[in-house]
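J.: Predicted coordinates and the sequence they were generated for:
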2 protein chains.
Amino acid sequence: MKRSASAMWNGDLKSGKGTISTDSRVLSDTQYSFSTRFENGVGTNPEELIAAAHAGCFSMALSAQLAEAGLVAQSISTKATVTLEKAGGGFAITAVHLDLTRVQKLPEHESPP
Amino acid sequence: MKRSASAMWNGDLKSGKGTISTDSRVLSDTQYSFSTRFENGVGTNPEELIAAAHAGCFSMALSAQLAEAGLVAQSISTKATVTLEKAGGGFAITAVHLDLTRVQKLPEHESPP
């Protein structure tokens, strides 16, 4: 199976800007720039997309693992945090931290412990 | 620098469904499911998000490399295609193919060669 996405970049690194689009069009000429990547500007950046992919894959895969143990997940919430750091002459992703939350709805007649 | 995203999955692998959200909110409770991941259903999937991250990072990084050579990119377009294949007991990304297109606008008095 093949999945694709495209990115267009115009101009130089710091003053240029770009757009990213995916096959599904959930990203459709979505803006990104030096400031959205390195300076907390508004817009997307490759690192949060990797975090999104990791969180999405993990939640789904865990449901499959639980099924093998005879369990059905009511709700699995995963937050992925990607750390981008200067390394050598450039930048590198040095960690992806996953926080997993189980959200369990209790029957109405039960109170949370 | 830290970038994060979250995913929520409800139910089992095949009939369940999930949502993905990024810090920037370009993905905001965006739907994904078994069918959008493995059966070409409508919606996003982790693999196209990795393709988006790779294409976005590559286009931007190439502009920086060109700048070191004294060149400013007018427009760099990169398409990333992620191949997901069965491997062992699960799935694995076995390739990411990049297609790079240079879009050059000629002055009005010049014709394309």
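T.: Happy to help now that I have it. Since we're looking at a predicted model, the values are computed, not measured.
J.: Send over stretch A:8-24 as CSV, restricted to the C-alpha atoms.
T.: Listed next in CSV are the C-alpha coordinates belonging to stretch A:8-24 (Å, rounded to 0.1, in the frame of the first residue of the first chain):
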residue,chain,number,x,y,z
MET,A,8,5.9,23.1,-1.9
TRP,A,9,8.5,25.5,-0.5
ASN,A,10,9.0,29.0,-2.0
GLY,A,11,12.1,31.2,-1.2
ASP,A,12,14.9,30.8,1.3
LEU,A,13,14.8,29.1,4.7
LYS,A,14,14.0,32.0,7.0
SER,A,15,11.8,34.3,4.9
GLY,A,16,10.3,31.6,2.6
LYS,A,17,7.1,29.7,3.2
GLY,A,18,5.5,26.5,2.2
THR,A,19,2.4,24.4,2.0
ILE,A,20,1.8,20.7,2.7
SER,A,21,-1.0,18.6,1.2
THR,A,22,-2.0,14.9,1.8
ASP,A,23,-3.8,12.5,-0.4
SER,A,24,-6.8,12.5,1.9
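J.: Please see if that stretch touches chain B.
T.: Yes - contact of stretch A:8-24 with chain B is found when judged by Cβ under 8 Å from any Cβ of the partner chain, involving A:8-13, A:16, A:18, A:20-24. Just so you know, the C-beta spots here come from the backbone N, C-alpha and C atoms, and that holds for glycine as well.
J.: Can you list which of the residues you listed are found in strands?
T.: When the residues of stretch A:8-24 next to chain B are checked against strands (DSSP state E), the matches are A:8-10, A:18, A:20-22.
J.: With pLDDT, neighbour count and distance to B:Ala64 added, can I get those residues in CSV?
T.: CSV is the format used below for those (pLDDT from 0 to 100; neighbours: other Cβ atoms under 10 Å in any protein chain shown; distance: Cβ to Cβ, whole Å):
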residue, pLDDT, neighbour count, distance to B:Ala64
A:Met8, 95, 20, 16
A:Trp9, 94, 28, 10
A:Asn10, 92, 18, 14
A:Gly18, 95, 27, 12
A:Ile20, 96, 29, 17
A:Ser21, 96, 20, 22
A:Thr22, 95, 23, 24
